[in-house]
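> got a structure for you, letters missing:
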């Protein structure tokens, strides 16, 4: 089974690397992202946006490949135990850790550096919750807290039954890593938000916000994935491995399955609440470019789509940055965009 899963991961990683290798692939990727945002790509930023999205895709592919390479030996060296899936659990944690860390590091290393010259600057200072919804930030913090609780549960379980170290070690490690990653995210993400943005027009500034949002969201992967893995791992350690008779084992599995269903339903409800206000990817538009968000929302209505089709047949599908958005920005020839 591990070799089959590794082959799937390698195939997915290679696809992520190869797809942006062609000019046509990069252009389709950028156009698809522009459509999701509802922003037209300024001609002077076409290559930059294609390059940034291509780098992000390649980094994700490299992360998946490295994660698969690191997970295979972990799965092979972990005893199977009573369950045929037990040896895959630590390997899954290693895979998630490596893949998310590579994506987060790439978000920091591959970001564009500010240039020189006249810039468009905002009249107000931006904050982290302008790029990521407070709901998502608080949800991530809750997941990390659950992961830390999972690590403590794992430590307690090992103290009572040292034979559980094999299965609990991965949950303990990921819970602690999630806590460290969450602290690092809070510091690094705010530094990214405070960094200057190179932009010569409102349209360029809006796209810089879009790319900045992607980078910040990539940084959220490590604490979120590690916290989730540790929390579910602690649940399994509590209710499944300690059972010796048939009835407690069935009861434990039932509890684990019930909690899993509750979590899934809760996630669906929370996602519905979040999407009620629009896609999380466009949260920055609603906060920093409300005119554009309102324009895009109107365009998604039946009447708006019909009017747009009649008025701009054959025109680019992504809505341009509204001229009114420029009212919230001004020029700054000293190079300091906030």
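Okay, I see it. Worth saying up front: this structure is predicted, and the values here are computed from it rather than measured.
> and the next element down the chain from the host helix or strand of residue 213?
Per DSSP states H and E, residue 213 falls inside helix 202-219. Downstream of helix 202-219, the first helix or strand assigned by DSSP H and E is helix 221-239.
> which other helices and strands contact that following helix?
Taking 3 or more Cβ pairs under 8 Å, 6 or more residues apart in numbering; DSSP states H and E as contact, the helices and strands that helix 221-239 lies on are helix 88-109, helix 134-160, helix 165-194, helix 246-275. Every C-beta, even on glycine, is put in place using the N, C-alpha and C of the backbone.
> list the buried residues for the first one?
When you say that, I think you mean helix 88-109. Of the residues in helix 88-109, those buried under the neighbour-count criterion (16 or more other Cβ atoms under 10 Å) are 88-104, 106-107.
> what is the mean pLDDT for that helix?
Mean per-residue pLDDT for helix 88-109: 85.
> now do that helix against helix 165-194, angle only.
Angle between the axes of helix 88-109 and helix 165-194 is 20 degrees (criterion: axes from the mean of the first three to the mean of the last three Cα atoms, to 10 degrees).
> what angle sits between helix 88-109 and helix 202-219?
150 degrees.
> who does helix 88-109 touch, helix- and strand-wise?
The helices and strands touching helix 88-109, judged by 3+ Cβ pairs under 8 Å, 6+ apart, are helix 2-18, helix 46-77, helix 165-194, helix 202-219, helix 221-239.
> quick one: average pLDDT of stretch 190-200?
Mean pLDDT, stretch 190-200: 82.
> and what of stretch 156-170?
Across stretch 156-170, the average pLDDT comes to 75.
> distance from the chain centre to it, please.
Going by Cα atoms, centre = their mean, to the nearest Å, the spacing between the C-alpha centre of stretch 156-170 and its chain's C-alpha centre is 31 Å.
> now the end-to-end length of it.
14 Å (Cα to Cα, to the nearest Å).
> with stretch 38-49 instead?
The straight-line separation of the ends of stretch 38-49 (Cα to Cα) is 15 Å.
> name the residues of that stretch that are buried.
Under 16+ other Cβ under 10 Å, the buried positions of stretch 38-49 are 38, 39, 40, 41, 42, 45, 48, 49.
> which non-adjacent residue is nearest the last one?
By the measure of Cβ to Cβ, 6 or more residues apart in numbering, the closest residue to residue 49 outside its immediate chain neighbours is residue 30, 5.1 Å from it.
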